[in-house]
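> Starting from these lines, generate the structure:
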Amino acid sequence: MTSVHVTGPRLTLREIESGDTDDLLAIYGDPEATRHLSFEPRTRDQVQAIVDRSIDSAKAEPRTEYGLAVTRHGDHRLIGYARLATEPQQAATIGFALHPAEWGQGHGTETVHLLSALGFNLLGLHRIWAARSPLNDASARTLLRAGMTEDGRIRDHVFVNGAWRDSITYSILEHEWVPLDGLEAGEIAEPDTTTAQFPDRTVGSDGSGEE
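Next up, the predicted model:
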């Protein structure tokens, strides 16, 4: 089993644990938090299934999906959910959602940087991409602030709330990403954790990028 622990100036990505269900439900069960996501608010059973799948994915060989908890330094409690799913040709898609109480603090931008550190520094990827709802302007600002470039539009990409919805896509290449303040990353440990550090300061698709 691989174990991931990526740390930034204020936030950490850690593996999902069985005790995270209630905190994740506070995000995925909230109509406001899921307003721009690619699915309607989840039930507790559905959130439990996401937690279980995230835990199981960490045991897969090879591992292709990283469902991770976003936490504050010094606080183990989940305040967001971040996901990276690898694809062929050294690529991956990322997404994230944060609790509405965490919006407006720059946590979305830092989360994208942490996912980029995982993808580029630890997994050796070449390209990372993300998608957002056309109405999620905050997510657009977050992705651009994290160094991504808008690529285009996927028409009728997701079916949500009884209707098809487009997605706006963004990507970043390994040579384009500029780590914050000289980021240094170690390796993914088996089974111990290794930390990728941001020394100082500060989505599957469409995470909530409310900044």
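
> Any idea how far the helix or strand harbouring A140 is from the middle of the chain?
Assigned by DSSP states H and E, A140 belongs to helix 137-145. Counting by C-alpha atoms, centre = their mean, to the nearest Å, helix 137-145 is centred 14 Å from the centre of its parent chain.

> quick one: the strands in this structure?
5-7, 11-15, 65-72, 78-87, 91-98, 127-132, 149-160, 163-173, 195-197 (DSSP state E).

> Please export the C-alpha coordinates of the fourth one as PDB.
Okay, so that is strand 78-87. Extracted C-alpha coordinates of strand 78-87, given in PDB (Å, rounded to 0.1, in the frame of the first residue of the first chain):
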ATOM      1  CA  LEU A  78     -11.100  17.100   6.800                       C
ATOM      2  CA  ILE A  79     -12.000  20.500   5.400                       C
ATOM      3  CA  GLY A  80     -12.000  19.400   1.700                       C
ATOM      4  CA  TYR A  81     -11.600  16.500  -0.600                       C
ATOM      5  CA  ALA A  82      -9.100  16.400  -3.400                       C
ATOM      6  CA  ARG A  83      -8.700  13.800  -6.200                       C
ATOM      7  CA  LEU A  84      -6.100  12.900  -8.800                       C
ATOM      8  CA  ALA A  85      -6.800  10.200 -11.300                       C
ATOM      9  CA  THR A  86      -4.000   9.100 -13.600                       C
ATOM     10  CA  GLU A  87      -4.500   8.600 -17.300                       C
END
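
> would CSV of the strands of the chain with mean pLDDT, mean neighbour count and distance to K59 be doable?
C-beta here means a position set from N, CA and C on the backbone, and glycine is covered the same way. Formatted as CSV, the strands of the chain follow (pLDDT from 0 to 100; neighbours: other C-beta atoms under 10 Å; distance: least, C-beta to C-beta, whole Å):
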stretch, mean pLDDT, mean neighbour count, distance to K59
strand 5-7, 92, 22, 16
strand 11-15, 95, 21, 11
strand 65-72, 97, 22, 11
strand 78-87, 97, 22, 16
strand 91-98, 97, 24, 19
strand 127-132, 97, 25, 23
strand 149-160, 96, 13, 28
strand 163-173, 96, 18, 29
strand 195-197, 39, 18, 21
